[in-house]
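Engineer: From the sequence below, what's the structure:
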Amino acid sequence: MLETAKAASYWHPLENGKIQCDLCPHFCQLQEGQRGLCYIRGVENQQMQLYSYGRSSGFCLDPIEKKPLNHFLPGTSVLSFGTAGCNLTCKFCQNWDMSKSRKMQTLASNASPETLAKACLQTQARSIAYTYNDPVIFIEYALDVAAACREVDVKSVAVSAGFISDKAREPFFASMDAANIDLKGFSKTFYKKLCGADLDIVKETLIYLAQKQDTWLEVTNLIIPGENDSEEELTQMCEWYSENLGCDVPLHFSAFHPDYKMLKHPRTPIDTLLKARNIARKSGLHFVYTGNVSDPASASTYCPNCESLLIERDRYQLGRWELDEKGQCKKCQHLIAGVFEKQAGNWGAKRQVLRFVD
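Structural biologist: Just a heads-up that it's a prediction; the model follows:
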């Protein structure tokens, strides 16, 4: 079994004898034996340690569209895993059993970076995703896995809330081939009240990825009735998005279902998702999708030039494929933003659990 603790990066000692974690903008100041808000980073022998290195709450093969990524190797499988803990405190968390866990027994699976790279080759997964909880908090493990996978031409995908310090942002995303960032709302009050985070930091991460990094970027907005679904907020978000991220960065509006500490909130009606999609398209965004619902029309990709159907989707299942080998619309030869192979993958909607002995 792997050693589960590893010396962590991104910290410095304080004059009062405490250690400050510099990984995320919470900048936790910890005494000997204490753990940070994320729970998996803490102080031992006056050094910061990561307590989940090489351990996971589970590994499985997913469709890449589930991350969600619609313009990154469509139709292929991705090996997905996460650990325990999180640096946000979202009251609506839909992976709360892992991200809010304070039991290291949650981390029942073990795998070294080399084992995961080998598993991707054996299962023909084109990429590996750091997901379920935020990979920012297990950055050392994620970067080691990414390096091992890059050696065998397997891509790395970060599914993150984007709440990361300036110091760690560049090295983390430089190792990622694609990222889906959760833009959870567009008001500072929403972020503080429901997420325990800061909207401005997330906006900085998004701008950094869109303007200063080659990482392929897509964004998800989980719409919660009565919390972040007003027409005013959605319009402000989409106009900011168009101006700062550009019209070709795909945006996914995802339906909320009652979970964790928000069990009394209703599910998101599909009409709300379609309203948001319409606002985004009016703001100039080319690729706007709905998620957590079955609506092929709003889940499919269309050419922004001639409006032809390019990639047909029903949830995670692909249908028609009208891109040429160069990633262009077959009808008008408009180049579509994304990372596409000559043909779509055929993984479909399957989910396959993996287990390792390491």
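Engineer: CA atoms for contacts and neighbours, from now on please.
Structural biologist: OK.
Engineer: pretty sure residue 138 contacts residue 53?
Structural biologist: Yes - applying C-alpha atoms under 8 Å as the test, residue 138 and residue 53 come out as touching, 7.2 Å apart.
Engineer: what's the longest strand in the chain?
Structural biologist: strand 216-223 (DSSP state E).
Engineer: which residues are in contact with the helix or strand following that one?
Structural biologist: Under the assignment DSSP states H and E, the closest C-terminal helix or strand after strand 216-223 is helix 231-244. Contact partners of helix 231-244, identified using C-alpha atoms under 8 Å, 6 or more residues apart in numbering, comprise 186-187, 207, 210, 228, 247, 276, 279-280, 283-285.
Engineer: Let's see which of those residues end up in helices.
Structural biologist: Under the assignment DSSP state H, those contribute 207, 210, 276, 279-280 to helices.
Engineer: Kindly reformat those residues as a markdown table containing pLDDT and distance to residue 270.
Structural biologist: Listed next are these as a markdown table, based on pLDDT from 0 to 100; distance: C-alpha to C-alpha, whole Å:
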| residue | pLDDT | distance to residue 270 |
| --- | --- | --- |
| 207 | 98 | 29 |
| 210 | 98 | 29 |
| 276 | 98 | 10 |
| 279 | 98 | 14 |
| 280 | 98 | 15 |
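Engineer: So among the residues you listed, which ones count as buried?
Structural biologist: 207, 210, 276, 279-280 (16 or more other C-alpha atoms under 10 Å).
Engineer: now these in CSV, with distance to residue 217?
Structural biologist: CSV is the format used below for those (distance: C-alpha to C-alpha, whole Å):
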residue, distance to residue 217
207, 10
210, 7
276, 20
279, 20
280, 17
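Engineer: now, which of those residues sits nearest residue 342?
Structural biologist: The closest of those to residue 342 turns out to be residue 210 (C-alpha to C-alpha; 24.8 Å).
Engineer: Give me the neighbour count for residue 182.
Structural biologist: 19 (other C-alpha atoms under 10 Å).
Engineer: correct me, but it touches residue 161?
Structural biologist: Yes - taking contacts as C-alpha under 8 Å, residue 182 lies within contact range of residue 161: 4.7 Å.
Engineer: For the residue nearest the centre of the chain, give the beta-bridge partners.
Structural biologist: For the chain, the residue sitting closest to the mean C-alpha position, by C-alpha atoms, centre = their mean, is residue 159 at 1.5 Å. With DSSP bridges as the criterion, residue 159 is bridged to residue 180.
Engineer: Identify the residues contacting it.
Structural biologist: By C-alpha under 8 Å, 6+ apart, the neighbours of residue 159 are 67, 129-132, 134-135, 179-182.
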